[in-house]
Structures are given as structure tokens and as C-alpha cells.
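[1] Pasting a predicted model and its sequence here:
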Amino acid sequence: MTLAFVTGGSRGLGLATAKGLRASGCDVVLFATDPTKLEIAASEIGGKFKIVDFLDLDHSQTVLKGAIEEFGIPDILILAHGVMSEKMSKTLRTNIEEWKRVLSINLDSVFLCLNVLAPGMVERRSGRIIVYSACLGRMSGPGNAGGLAPYRISKAGVNALVRNFAHETGLGSRGFLVDAVCPNHTRTDMGGANAPRSVEEGAETAIWLASREFDPSTNQTGVLWEDRKVIPW
């Protein structure tokens with residue numbers, strides 16, 4: 001059975017993605033911080049779970065290594081965890097604690113997950129990683145053009161990390177894919193109740209990327225996706 005690890009899996013886009021993968025027949029392991037919500041989510045989809053707090057990267061590394069020992073190397077890795085920065089967090093209004101909080105969870109922990117969980121996938125020459133990014137991290141369009149500095153910059157870093165890692169691993173020619181996805185404005189705790197998209201709509205492209213047909217001579221990886229289309233970084 002295909003094994004999928006999903007971070008941020010206790011709610012929102014992570015849980016919606018996990019549900020889609022579970023419905024397709026995957027064995028799913030959820031990772032999140034809140035043990036109560038995590039246990040409820042795992043019970044709801046019939047999956048397993050591990051508690052992880054990405055503010056503590058050293059302990060998170062131990063948890064991730066333990067997950068491989070317990071469950072094996074994943075076939076699919078969905079990184080859906082993340083936090084928004086404070087409302088008025090412009091560059092000159094952000095203190096060092098807020099900067100560290102957002103960058104640790106949104107960027108440093110993404111590197112950690114790739115560093116710990118991806119080697120076995122790359123060595124096996126089989127695996128798919130989908131990282132939830134954000135259009136606010138794009139260098140094009142409105143992207144990172146003012147306000148919410150820690151959030152925008154952390155997501156720009158995620159985009160760069162995905163692109164760089166995809167080139168390091170042969171852009172899909174070796175059987176390993178890594179992509180970023182912009183779910184757009186979605187009704188999550190972060191997006192708010194008035195966002196135009198449901199979590200199911202926001203998660204659809206990530207679920208598709210996890211199982212799409214791929215031919216390195218005609219298809220792309222190491223790019224940013226929105227609604228199954230590649231969009232500019």
C-alpha cells in the first residue's frame with residue numbers, strides 16, 4: 001500500500017489532503033502539534049499519527065527519524081503545516097521572536113522534513129513531495145510586495161528550496177518529484193471563514209500531484225502549481 005506522510009494533518013488543508021489520499025487507498029500518517037485534534041483527525045480517516053512541534057527542530061528531527069523507523073520510507077510527503085505572521089508584521093515592526101517563530105515553522109522545518117525524510121525516497125528513485133506554499137511568496141505579481149514580511153519571505157524561501165531541490169535531484173528524471181502548490185485563499189483557520197475556497201478545493205491540486213502521470217520529457221516538476229497549472233515564481 002502507498003504510504004503518505006502529511007504534516008499539518010490535524011485540520012485545514014493538511015487534513016483535507018489526507019482525506020483525499022486516504023480515499024485513494026493510501027496508508028496515511030498525520031503529523032501535527034495539538035494531540036487532541038491530531039487523534040480525532042487520525043480516527044476520522046483511519047490513519048496513524050505522530051505529535052511534532054516544529055518550533056523545536058531538534059526534537060522534530062527525532063520524531064521524523066522515529067517515524068521512518070516505525071512506518072517506513074513514505075511514498076508521498078505532503079508538507080501542509082504553517083503559520084501566518086502577526087497582522088502588522090512589516091520589516092520594521094517585526095521583533096526577532098516573531099521572525100524566528102514564522103521562519104522556523106514555515107521554512108526551517110520544511111528543510112528539516114526534506115533533509116530527514118527525502119533521502120530514502122531519492123535513493124529508491126521513487127517518491128513525490130508536495131509543499132504547500134503561497135502566492136504571497138511569489139516574486140512576481142503582488143507576491144512579496146509589502147506587509148506580512150516574515151510570512152511572505154518564508155514562503156519565498158520555500159519556493160526557492162523546492163526549485164533548488166528539484167534541480168539537485170534531476171527534475172524528475174530519476175523518478176523523484178518535488179513541487180510547490182498555492183492553494184489560493186481558502187477557508188482555514190489562517191484564511192478565515194469568508195475565504196472564497198473550501199479546503200477541498202484548496203487541496204485538490206496537491207492530491208492530484210501526488211498521483212499524476214509523469215514523463216520527464218514532457219512534464220514539469222520543481223515548479224509552483226495552482227489549479228493544476230504552473231504559475232510563475
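    On my side now, so go ahead.
[2] Report the buried residues of the helix or strand that contains Glu97.
    In this assignment (DSSP states H and E), Glu97 forms part of helix 96-103. Residues of helix 96-103 classed as buried by neighbour count (16 or more other Cβ atoms under 10 Å): Trp99, Arg101, Val102, Leu103. C-beta here means a position set from N, CA and C on the backbone, and glycine is covered the same way.
[3] Show residues contacting the helix or strand that that helix is followed by.
    Using DSSP H and E, the next helix or strand after helix 96-103 towards the C-terminus is helix 109-124. Residues outside helix 109-124 that contact it (Cβ atoms under 8 Å, 6 or more residues apart in numbering): 5, 7, 54, 57, 60-61, 64-65, 67-68, 73-75, 77, 79, 81, 127, 129, 131, 158, 161, 165, 169, 174-176, 178.
[4] Arg197 bridge partners, please.
    Thr186 (DSSP bridges).
[5] Could you give the number of residues near it?
    16 (other Cβ atoms under 10 Å).
[6] likewise Gly202?
    Applying other Cβ under 10 Å, I find that Gly202 has 25 neighbouring residues.
[7] List the contacts of it.
    Leu13, Ala16, Pro183, Asn184, Thr186, Thr188 are the contacts of Gly202 under Cβ under 8 Å, 6+ apart.
[8] so which strand or helix has the first one?
    What that stands for is Leu13. helix 12-23.
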